[in-house]
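Undergrad: The sequence and its predicted three-dimensional model are supplied below.
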Amino acid sequence: MKLINVIQERNKWLDKGYEVFSYDREKMIEDTRKDPEWVHFGAGNLFRAFQAVFCDQLLDQGILTKGIIAVGGRDSAAIDDYFRRFNDLHIAVTLKGNGEIEKRVVGSIAESLKIEDKERLEEIFENPSLKVASFTVTEKGYVVNDSDTSEAFMAKVTDLLHHRYLHGAYPITLSSHDNCSHNGDVLKKAIVFFAGRYNDEAFLNYIEEKVSFPIAMIDKITPRPDKKIAAILENDGVEDLKDLDPNHYMSCFVNAEKTQYLVIEDKFSNGRPQWEKAGIIYADRETVDKVEKMKVGTCLNPVHTSLAVYGCLLDHHLICEEMKDEVLNKLARHVGYDEGLPVVVDPKILDPKAFIDTVIEERLPNPYMPDAPQRIAMDTSQKLPVRFGETLKAYIRKGEDISKLTYIPLVFAGWLRYLTGINDKGETFEIPSDPRLEEMKDILGDVKLGDHIEKEKILPILKDKTIFGVDLEEYGLSDKVTAYLNEELQGIGAVRETLKKYM
């Protein structure tokens, strides 16, 4: 069975348990390319597992008649290798905690482009039919500075928006679906930054008046394609995996958990798509902000980071395996339930307790989700102020003494211990990438097991609000973090023993 032959071989795919779209895909492609309504930038695994799938479902139901035009991000070669090669079809595999999997051939991508396909993209952007440009380009995709040039990804997106402005100034919604705080505002800041190159006040007014940037909260764990899933597909008779790079971050399939959330601010400039029919939630800005704070600051991301840091130290390579580790399972529960929920922001449309119950009981222990602590531990210095700092500030606003907390400072100490690059067996490990890694290591110095670190040595880190959200020294947490760190440095096995002591 080959993806490009799925229409002709439909019954074979169905017999193997695959869902296959039933709409007229050729007509959908023709209609979409003629009058596009939705273009998506950042055609990676999350997009293929989430947005492309729910669009496919809505097309099948006749709710939508137009598909998506997908635009590759920084890795334009992936468009040739994993999109066009398969006629823009892919397989979405949903991994359930009970071991069952759902397999769907997704046909909703009507066209795949590279950001360098300027002429075709300009044609799309000058069409008044275009309603939404969505983004999953990761947090790094929005970073701008004065050294950026016209070659930056967001600069090219801004050029396309300028082209739309010159050819009718039609309204459009730019909707970030990236997992970063106030993503719509971050996207707007980047666009306005590059729009300044034109020295055109009217263009800036167009952006302000006719382009909307709704904020959104997205949640769906989408690891890289897993070799075990590839083996299942090959056993089904799927022939498309044979000459693909098994170590590439993409494939002809994507695997992801079933649980997913997308809550978007109801702020659309050129008509709101009927995504709510697929479970997408539209809400006012305040509610979306609360949902994001609930997830990022309490119910998922802090637990994830806790497991990531200690998973690396205790030599785990799967999050699901960590949840079988009694001491780490307890840590996850204490961080979420005991120190997060008391100050959680309740958005009302989603219940925080039910959300974290699902995280702890279903999502993280899912043995079919091949997600690694090493992946989640990347860029931890950038994540701590949002994932834990906001919780600390919430306690402070309530007038509570944060020096009485146990588990959040234990995570901070674990992160400092992790920065030594020595695991609990006394072996060195490669620390995942982090923009402040060298700076932190310079402050820590050459630390060995058995060393005792004085607080004054690491005070520049402990006082850094950009890392922890607050000055830990000012609020009485620096002594506790330092003490925990020294306990974890005592020798082989000290990390686990320290965790056991405080669990």
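TA: Nice, I can see it.
Undergrad: which stretches of the stretch 251-400 of the chain form helices?
TA: 285-294, 301-313, 319-322, 326-333, 352-358, 373-376, 380-384, 390-397 (DSSP state H, counting those that start in this stretch).
Undergrad: what's the closest of these to Ile461?
TA: Closest to Ile461 of these, according to CB to CB: helix 380-384, at 9.5 Å. In this view, the C-beta of every residue, glycine as well, is placed from N, C-alpha and C.
Undergrad: Only alpha carbons, please: show the closest one as CSV.
TA: Listed next in CSV are the C-alpha coordinates belonging to helix 380-384 (Å, rounded to 0.1, in the frame of the first residue of the first chain):
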residue,chain,number,x,y,z
THR,A,380,14.9,25.0,30.7
SER,A,381,16.3,28.4,31.7
GLN,A,382,13.7,30.0,29.4
LYS,A,383,10.9,27.9,30.8
LEU,A,384,11.4,28.3,34.5
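Undergrad: and it, what does it pack onto?
TA: If contacts are counted by 3 or more CB pairs under 8 Å, 6 or more residues apart in numbering; DSSP states H and E, helix 380-384 sits against helix 301-313, helix 407-418, helix 465-468.
Undergrad: try 10 Å
TA: On a contact count with 3 or more CB pairs under 10 Å, 6 or more residues apart in numbering; DSSP states H and E, helix 380-384 meets helix 301-313, helix 407-418, helix 437-444, helix 465-468.
Undergrad: Give me the below-cutoff pLDDT ranges for the protein.
TA: 146-150 (pLDDT under 70).
Undergrad: domain parsing for it?
TA: 3-283, 288-502 (automatic domain parsing).
Undergrad: Strands of the stretch 151-300 of the chain, start to end?
TA: Using DSSP state E, counting those that start in this stretch, the strands of the stretch 151-300 of the chain run over residues 172-176, 211-212, 216-219, 253-257, 261-265, 281-283.
Undergrad: Put together JSON lines for those, with distance to Ser76 on each row.
TA: Putting those into JSON lines (distance: least, CB to CB, whole Å) gives the following:
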{"stretch": "strand 172-176", "distance to Ser76": "21"}
{"stretch": "strand 211-212", "distance to Ser76": "25"}
{"stretch": "strand 216-219", "distance to Ser76": "24"}
{"stretch": "strand 253-257", "distance to Ser76": "19"}
{"stretch": "strand 261-265", "distance to Ser76": "26"}
{"stretch": "strand 281-283", "distance to Ser76": "33"}
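Undergrad: Need the winner for burial among the helices of the stretch 251-400 of the chain.
TA: Mean neighbour count (mean count of other CB atoms under 10 Å) peaks for helix 301-313 among those, with a mean of 26.
Undergrad: and it, what other elements does it pack with?
TA: Using 3+ CB pairs under 10 Å, 6+ apart: helix 301-313 touches helix 319-322, helix 326-333, helix 373-376, helix 380-384, helix 407-418, helix 494-502.
Undergrad: So what's the gap between the second one and the chain middle?
TA: In other words, helix 326-333. In terms of CA atoms, centre = their mean, to the nearest Å, the centre of helix 326-333 is found 23 Å from the chain centre.
Undergrad: again, but for the fourth one
TA: Mean C-alpha position of helix 380-384 versus that of the full chain (CA atoms, centre = their mean) differs by 14 Å.
Undergrad: From Leu350, how far out is Asp357?
TA: According to CB to CB, to the nearest Å, Asp357 stands 12 Å off from Leu350.
Undergrad: wait, I meant Lys383
TA: Distance from Lys383 to Leu350, counting by CB to CB: 21 Å.
Undergrad: ok, now Val238?
TA: Noted for Val238: a distance of 36 Å to Leu350, by CB to CB.
Undergrad: now swap in Leu444 and tell me
TA: 39 Å.
Undergrad: center of this structure - which residue?
TA: Asn179 (4.4 Å; CA atoms, centre = their mean).
Undergrad: thought that one was touching Val186?
TA: No. Contact criterion CB atoms under 10 Å: Asn179 and Val186 do not qualify, at 11.3 Å.
Undergrad: So for those two, which residues contact both of them?
TA: Glu139 (CB atoms under 10 Å, 6 or more residues apart in numbering).
Undergrad: Burial check on the nearest residue to Ser212 once chain neighbours are set aside, number of neighbours?
TA: Closest residue to Ser212 apart from its sequence neighbours, by CB to CB, 6 or more residues apart in numbering: Ser269 at 4.2 Å. Using other CB atoms under 10 Å, Ser269 has 18 neighbouring residues.
Undergrad: I'd like to know how far Ser269 sits from Ala283.
TA: Relative to Ala283, and taking CB to CB, Ser269 is found at 17 Å.
Undergrad: same thing with Gln57?
TA: In terms of CB to CB, Gln57 sits 21 Å off from Ala283.
Undergrad: cool, and Phe194?
TA: With CB to CB as the criterion, Phe194 and Ala283 are 29 Å apart.
Undergrad: Also Glu257?
TA: For Glu257, the distance to Ala283 - CB to CB - is 23 Å.
Undergrad: Repeat that for Thr498.
TA: Thr498 sits 42 Å away from Ala283, going by CB to CB.
Undergrad: So if I had to pick from the two, which one is more boxed in?
TA: Between Thr498 and Ala283, counting by other CB under 10 Å, Thr498 is the more crowded of the two (24 against 21).
Undergrad: wait, what's in contact with that one?
TA: With CB under 10 Å, 6+ apart, Thr498 has these contacts: 327, 410, 413-414, 417, 424, 483-490.
Undergrad: Then Ile396?
TA: By CB under 10 Å, 6+ apart, the contact set of Ile396 is 343, 402, 469-470, 474-475.
Undergrad: One more: Lys220?
TA: Contact analysis of Lys220 by CB under 10 Å, 6+ apart lists 45-46, 49-51, 53, 177, 179, 256-262, 363.
Undergrad: rewinding a little: right, and the helices of the stretch 251-400 of the chain - which one's nearest Ile431?
TA: When the helices of the stretch 251-400 of the chain are ranked by distance to Ile431, counting by CB to CB, first place goes to helix 301-313 at 7.8 Å.
Undergrad: now the closest one against helix 390-397, angle please.
TA: Angle between the axes of helix 301-313 and helix 390-397 is 120 degrees (criterion: axes from the mean of the first three to the mean of the last three CA atoms, to 10 degrees).
Undergrad: hmm, back to that, output the helices and strands packed on helix 380-384 in a markdown table; the columns should cover distance to Val132.
TA: Listed next are those as a markdown table, based on distance: least, CB to CB, whole Å:
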| stretch | distance to Val132 |
| --- | --- |
| helix 301-313 | 26 |
| helix 407-418 | 38 |
| helix 437-444 | 37 |
| helix 465-468 | 34 |
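Undergrad: For Ala377, which of these is the nearest?
TA: Using CB to CB, the nearest of the helices and strands packed on helix 380-384 to Ala377 is helix 301-313, at 4.0 Å.
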